[in-house]
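Asker: could you work out the structure for the sequence below:
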Amino acid sequence: MPTALLGSFLVALLSTWALCRAGNAFSLGNDRTEGVQKFHVKPTSRLGGVGIALGLCTGAGALALFAPNSDLTVHTLCLLFACTPVWLGGVLEDLTHRIGPTLRLLLATVSAGWLFGTLGVAVTRTDVWLIDLILLIPGAVLCTTLLVVAGFTHSVNIIDGFHGLACGLGLITVSGLSYMAWRVGDLMLLQMCLLSLAAMLGFFVFNWPSGGIFLGDAGAYLIGFWVVELGLLLAMRNPSISPMAPVVAGIWPLIETLFSMYRRKIIRQHPVNHPDGLHLHTLVYRRLLFNPQVHITPSQKNTANSQVGAYFLLPATTFTTMACLFMQNTWAQLALMLTYLAIYTWLYQALVHFKAPKFMNRRL
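Answerer: The predicted structure follows:
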């Protein structure tokens, strides 16, 4: 296992470095700088998901070489193969900008269905009586699983857009899942979590705070799919853990997605997949960090971009820690969800009406 972890980290690190250089030298996979969700100062490669995938493949290859018949190897390889459709869709979008969100969502359901069929990874319980009653309906488990996996996978892509934001959340969430797996003695899942942490860290050092490379759609979908499937596996394999604990550990993308759908469809009467610049992380940047009335250098703007993460990753760490502390208590997890939703709603309303507390303002 140490060889797999080290190999995963080093390959992700070196390949991400190479992709950074290729982006600078040949504009390979460079992102656009125009658009309502673009806040970087120069064209930058968005192929970070390729580096993470290569790191995961290296780790899986090491496992297959040294322990070919172990449950860890089988589960890791199955998970890696299952994420291929949605990851490829992301890569094509990163390179061509022509793969729409509807098709990417469809590919996410294909990946979820693949793992459902091979390993039986599914939403089998929630410990919430009404939802569990619905899951007893024939076909409900499959439909719910596809919805949950595709929804969370896409939600990680929604929160991507600032240095370290999506990958940082993935690192925090998987760290929480690692702790839960360790607490209940699930060595296989702990090792799968550590393998994904190693690959993500190899990318993260170039993504934050400098923004030398972006996660891209491929990276966001890969992390989203990997994290949600690890969470489902954790709850399935360990009945003592509340199924809501992994949800709380990665709750921000879910809240952001549901609120964005409500805002676009109900309030603004736009299609739910219509991009806009009104996500909470965007408002934090525009209202608390970047002052359009003051001339700042590209370096200062890049610094403001990297500071957005502090407003989200610190609360994410807090709620993930609380989810770990109360990982066997579903009622505590539901209370944490409501608390997060209340904080999210308060902050969003405060930013929209320019009433955020002064201590949160870090404008240059």
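Asker: from Leu197, how far out is Cys78?
Answerer: Distance, Cys78 to Leu197, using CB to CB, to the nearest Å: 19 Å. Yep, even glycine has a C-beta here, placed from its N, CA and C like the rest.
Asker: which one's more surrounded, those two?
Answerer: Shown here are Cys78 and Leu197; by other CB atoms under 10 Å, Leu197 has more neighbours (20 against 17).
Asker: give me the buried positions along the helix or strand hosting that one.
Answerer: Assigned by DSSP states H and E, Leu197 belongs to helix 187-207. By 16 or more other CB atoms under 10 Å, the buried positions in helix 187-207 come out as 188-204, 206-207.
Asker: repeat that for stretch 234-243.
Answerer: If you call a residue buried by 16+ other CB under 10 Å, then stretch 234-243 has these buried ones: Leu234, Ala235, Met236, Asn238, Ile241, Ser242, Pro243.
Asker: which ones are touching the fourth one?
Answerer: Taking CB atoms under 8 Å, 6 or more residues apart in numbering as the definition of contact, the neighbours of Asn238 are Met180, Ala181, Val184, Asp186.
Asker: please apply the same query to the second one.
Answerer: Counting by CB under 8 Å, 6+ apart, Ala235 touches Thr124, Arg125, Ile241, Ser242, Pro243, Ala245, Pro246.
Asker: which residues sit in contact with the third one?
Answerer: It stands for Ile241. By CB under 8 Å, 6+ apart, the neighbours of Ile241 are Met180, Val184, Leu234, Ala235, Met327, Gln328.
Asker: pretty sure it is in a strand, no?
Answerer: No: judged by DSSP: H, G, I helix; E, B strand; the rest coil, Ile241 forms no part of a strand; its state is coil.
Asker: can you give me the neighbour number for the residue nearest to Thr145 when sequence neighbours are not counted?
Answerer: Of all residues not flanking Thr145 in the chain, Ala122 sits nearest, at 4.4 Å (CB to CB, 6 or more residues apart in numbering). By the criterion of other CB under 10 Å, Ala122 has 20 neighbours.
Asker: Ala122 is in contact with Cys143, isn't it?
Answerer: No: the pair Ala122 / Cys143 is not scored as a contact, 10.2 Å apart, by CB atoms under 8 Å.
Asker: TSV for the contacts of Ile241, including distance to Thr318?
Answerer: Below are the contacts of Ile241 laid out as TSV (distance: CB to CB, whole Å):
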residue	distance to Thr318
Met180	16
Val184	22
Leu234	20
Ala235	22
Met327	15
Gln328	19
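Asker: out of the residues you listed, which sit inside helices?
Answerer: Met180, Leu234, Ala235 (DSSP state H).
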